[in-house]
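# below is the structure, and that's it, no one-letter string:
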């Protein structure tokens, strides 16, 4: 007597869950230090000092009503701080563009609920974060999967153009990308915008940007707001401030969005009726006080380099990520099979199939340096087993 | 280019929102002290001392990873504490029955997503919290509204029986009730259970219990777990610990539920894919440390008595609430019209129509004592205007 859809979801989700359960079993059996868990994007770094001190100052000098309701969109003061942080020299964003949400996942669900009628299509660029399919289907939308260019993982304009139909309501972009680490340049964004605007109806561009600040090699992510007209940004402080458990993020609608006024009302309403009601009160205030803070990006860059060296040193072919904290590696042979064999070496990785991109596997390098260093032997064993190294 | 459903929602929600906006305007114009706002259930009392000290101790001695991901269902230690608090001498609840959620609204959405196929019906007992309709429709369910008995607002078994069809998937109960304050006795729960079990298929009983501890006159709410077989409790600490802005609650599935195993998996999955992912990490730990705490219930009882005296003293007929913090009052004449006229007296109240129960209006007595005392003149003015008092 549970829903048919959820019965299917429970079945289909079980393979990956079994792998995670296997990980827990291995850790119990061999000790935490002897299992190399690159499976999940749970930042190993602690939140920056500014976050800690904001939290302490708020809690140690409590204000009346600080845990009470506020407008469903969030505190005006928080939204003002966020709007300022999103604004660029070219694009001024006001607090009415912002809705504070339960992470980026909460933002995406509020946005998709706001725009989708049953049967509406949403274009996804593979490889993509697997939950997007669930988010779209939550609101009776239909995911339309378009492959990016192999190796660069950049959007392919022709393929996108042929995927657009009269039912296309939105496209989801995610740069820096999970799982590939690819960063879209200003030119890529400009080209994407032209392509989307050339359709004969409005298509929302939903930009999932939890990794915006995690960019390496001295580069920065171009502000999507400056390049894409009908844009809705979904953001989370999970990665940039190492707060994934606290569920704090926001949606930001571009001032140039043709449907700005109605859409901004709809997102706040959707945020309420989907059950979030509002983003957690205390962490809204924490964000307001520490919005300039950033996790230790050079530290992630160091880990990226270490893991990239280890993995390519073992003979694997990997796309060196521009940002985010994932390494997307070409799988020798079937990726599901490969990942199962990795588990025998106490190496936990996620198959590319889980991102609609078979033939690869993903490593989250937000793991500890100790885990990264310790994993070298296991990668070499796997490399040898597949004839990739001696 | 927003969804058709949301366009309608934005339109239909606008009357009540206009009233709230009118309230803000009035407060700006006449000062906060001269507006008697009984419109919203935002607890005026601060969280109990135990909550404050738990929060301080957690924040002042930070532990690594305390803001990171945990299992989607919540920390095992938190679920164990919650399970213990839900258990009764007759019913032992384990941590696997619990999913920590983003408030009761988050819990209800996860539960409804878990059980509803498109077109499935959910019975609502009017008067009810208006958001239930949205929560059901979020998951393509169909709300079926059944009136309770007038004056007592207790469920009418015959009416419920005739509303049950082959598509009935669930019934939502809420005791103590928002807006009526009615408390269901053990006998009422037993009778309801028999009725539901007599249907020829499984019907889930979803019990929304945010007001469980707010019961007056020396009574206590009977544990629904002891009386109802296929029960799912949705709970929030918003009211019992005055934490509505922090979005912390849980779902608890009765160990006697026929679909316990599959349902408990489905709820955790739904909690994840609806975008909550998990309940906020820090407040899970706060709850774990302060689960025995309770807001000052006698204080709410005092306010109930004060407001009841004022309102009935002005000639109105009200059901004296057994619990929760709302007074549901018979409206002299059309309730929408009456509430608009109240606003002229700077008295903000919500029409019964908003709870599918026209002919009444609701007052939230979680307002300050000052507001309650100050409102007497306005209620007398309204009473006189409608010929209810001299």
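On my side now, so go ahead. Everything numeric here is computed off the predicted structure, so don't read it as measured data.
# ok, how many other residues are close to the closest residue to residue A:75 other than its chain neighbours?
Ranked by Cβ to Cβ, 6 or more residues apart in numbering or on different chains and with sequence neighbours excluded, the top spatial neighbour of residue A:75 is residue A:284, at 5.4 Å. C-betas here are computed from N, CA, C, even on glycine. By other Cβ atoms under 10 Å in any protein chain shown, the residues close to residue A:284 number 22.
# need the contact list for residue A:284.
A:70, A:74, A:75, A:78, A:100, A:248 (Cβ atoms under 8 Å, 6 or more residues apart in numbering or on different chains).
# ok, then the element right after the lowest-mean-pLDDT helix or strand in chain A?
Least confident helix or strand, chain A: helix A:14-30 with a mean of 75, by mean pLDDT, DSSP states H and E. Scanning forward in sequence from helix A:14-30 by DSSP states H and E, the next helix or strand is strand A:36-37.
# ok so, going back, in strands, which of the contacts of residue A:284 fall?
If you go by DSSP state E, the contacts of residue A:284 have residue A:100 in strands.
# so which residues of chain A form strands?
A:36-37, A:98-101, A:121-126, A:142-147, A:168-173, A:204-208, A:231-236, A:249-253, A:318-319, A:326-330, A:347-348, A:350-351, A:360-364.
# which residues does residue A:278 contact?
Each residue near residue A:278 by Cβ under 8 Å, 6+ apart is listed here: A:69, A:70, A:71, A:72, A:73, A:74, A:100, A:271, A:272, B:245, B:247.
# please identify the buried residues of stretch A:331-348?
A:331-332, A:335-336, A:338-339, A:341-343, A:345-348 (16 or more other Cβ atoms under 10 Å in any protein chain shown).
# reformat the residues you listed as JSON lines; add distance to residue B:46 and pLDDT.
As requested, the buried residues of stretch A:331-348 are exported to JSON lines (distance: Cβ to Cβ, whole Å; pLDDT from 0 to 100):
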{"residue": "A:331", "distance to residue B:46": "55", "pLDDT": "97"}
{"residue": "A:332", "distance to residue B:46": "60", "pLDDT": "96"}
{"residue": "A:335", "distance to residue B:46": "54", "pLDDT": "95"}
{"residue": "A:336", "distance to residue B:46": "53", "pLDDT": "91"}
{"residue": "A:338", "distance to residue B:46": "55", "pLDDT": "96"}
{"residue": "A:339", "distance to residue B:46": "51", "pLDDT": "92"}
{"residue": "A:341", "distance to residue B:46": "56", "pLDDT": "93"}
{"residue": "A:342", "distance to residue B:46": "52", "pLDDT": "94"}
{"residue": "A:343", "distance to residue B:46": "50", "pLDDT": "90"}
{"residue": "A:345", "distance to residue B:46": "54", "pLDDT": "92"}
{"residue": "A:346", "distance to residue B:46": "50", "pLDDT": "93"}
{"residue": "A:347", "distance to residue B:46": "50", "pLDDT": "94"}
{"residue": "A:348", "distance to residue B:46": "45", "pLDDT": "92"}
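# quick one: closest of the strands of chain A to residue B:3.
strand A:168-173 (8.5 Å; Cβ to Cβ).
# look up how far residue A:237 lies from the residue most central in space within chain A.
Residue closest to the average C-alpha location in chain A (Cα atoms, centre = their mean): residue A:210, at 5.2 Å. Look at residue A:210 and residue A:237: by Cβ to Cβ, to the nearest Å, they are 8 Å apart.
# picking up where we left off before, tell me the spacing between the residue nearest to residue A:75 and residue B:245.
From residue A:284 to residue B:245 the distance is 8 Å (Cβ to Cβ).
# so what sits against both of these two?
residue A:70.
# picking that back up, and the strands of chain A, which is most packed in?
strand A:98-101 (a mean of 31; mean count of other Cβ atoms under 10 Å in any protein chain shown).
# check whether stretch A:116-127 contacts chain B.
Yes - residues of stretch A:116-127 contacting chain B under Cβ under 8 Å from any Cβ of the partner chain: A:116, A:117, A:120.
# pretty sure the last one contacts residue A:141?
Yes - judged on Cβ atoms under 8 Å, residue A:120 makes contact with residue A:141 at a distance of 5.2 Å.
# quick one: which of these two has more around it?
Remark: of residue A:120 and residue A:141, residue A:141 carries more neighbours, 24 against 18, as counted by other Cβ under 10 Å.
# does the more buried one touch residue A:169 like I think?
Yes - counting by Cβ under 8 Å, residue A:141 touches residue A:169, with 7.1 Å between them.
# what stretches of the stretch 101-250 of chain A score poorly on pLDDT?
For the stretch 101-250 of chain A, applying pLDDT under 70 flags no range at all.
# need the nearest residue in space to whichever residue of it sits closest to chain B, chain neighbours excluded.
Using Cβ to the nearest Cβ, residue A:245 is the residue of the stretch 101-250 of chain A that sits closest to chain B, at 3.0 Å. In space, and not counting its chain neighbours, residue A:245 is closest to residue B:281: 3.0 Å by Cβ to Cβ, 6+ apart.
# now residue A:185
residue A:222 (6.7 Å).
# now the helices for the stretch 51-200 of chain A?
A:76-86, A:103-115, A:131-138, A:157-163, A:186-197 (DSSP state H, counting those that start in this stretch).
# and for the third one, what's in contact with it?
Meaning helix A:131-138. Helix A:131-138 has contacts (Cβ under 8 Å, 6+ apart) with A:5, A:9, A:105, A:108-109, A:112-113, A:116, A:122, A:124, A:142-143, A:172, A:208, B:113, B:272-275.
# ok, how many other residues are close to the residue nearest to residue A:175 when sequence neighbours are not counted?
Residue nearest to residue A:175 in three dimensions, not counting chain neighbours: residue A:184, with 3.9 Å by Cβ to Cβ, 6+ apart. Using other Cβ under 10 Å, residue A:184 has 25 neighbouring residues.
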